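Novice: What follows is a predicted protein model with its sequence.
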Amino acid sequence: MPALVTAFVFRELGWRDIIEAAASTVLFTGQILIIVACAGVFAWLLTVNQVPATITAWLQSLNVSAWMLLLAINILLLAGGLLPRSAVGDPAAQPAAGAAWSRRSASTPCISAS
C-alpha cells in the first residue's frame, strides 16, 4: 500500500519500480515461509521421536533444584551467545558464498530498495 501511495501521490515510483518491489517482496516472503515450514517439520520429528519427553526425564533424574537448573541453562545460553558468528559457521561457508556472490553479481544486477 505505501508503494501505491508513493507512486500515485508523490509520483516517485514508476510501474517498473512497483513491479520490482513486489517481486522482491515475494522472494523474501517465500524464503521466510520455507524457513517456517522446515521448522514445523523439525518440530514434528522431535515430537514423533519423543525427544522432549526424553530430555525432561533425564533432567528430572538429575535431582537438582529449580534455580540450579535455571542457572545452568542461563550459563549455557550466555556461553552460546558469546561465541562470534564467524567462529562457528562462516569459515566453512565463506569460500562457497563468495564464489556464488561473485557469479551472481557479474551476471545479474542487484535489486535495491532505495
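Specialist: Yep, that arrived.
Novice: how about the helices of the chain, start to end?
Specialist: Assigned by DSSP state H, the chain shows helices spanning 2-5, 15-48, 51-61, 66-82, 85-88, 90-107.
Novice: pLDDT (mean, whole number) over the fifth one?
Specialist: The predicted model gives helix 85-88 an average pLDDT of 55.
Novice: start the count at 32, not 1, going forward
Specialist: From this message on, residue numbering opens at 32, which makes the last subject helix 116-119.
Novice: Mind putting the helices of the chain into CSV with mean neighbour count?
Specialist: Quick note: C-beta positions are derived from backbone N, CA and C, even for glycine. Shown next, in CSV, are the helices of the chain (neighbours: other C-beta atoms under 10 Å):
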stretch, mean neighbour count
helix 33-36, 10
helix 46-79, 11
helix 82-92, 11
helix 97-113, 10
helix 116-119, 9
helix 121-138, 10
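Novice: Out of those helices, name the one with the poorest average pLDDT.
Specialist: Here the lowest mean pLDDT among the helices of the chain goes to helix 121-138, at a mean of 52.
Novice: quick one: contacts for residue 110?
Specialist: Counting by C-beta atoms under 8 Å, 6 or more residues apart in numbering, residue 110 touches no other residue.
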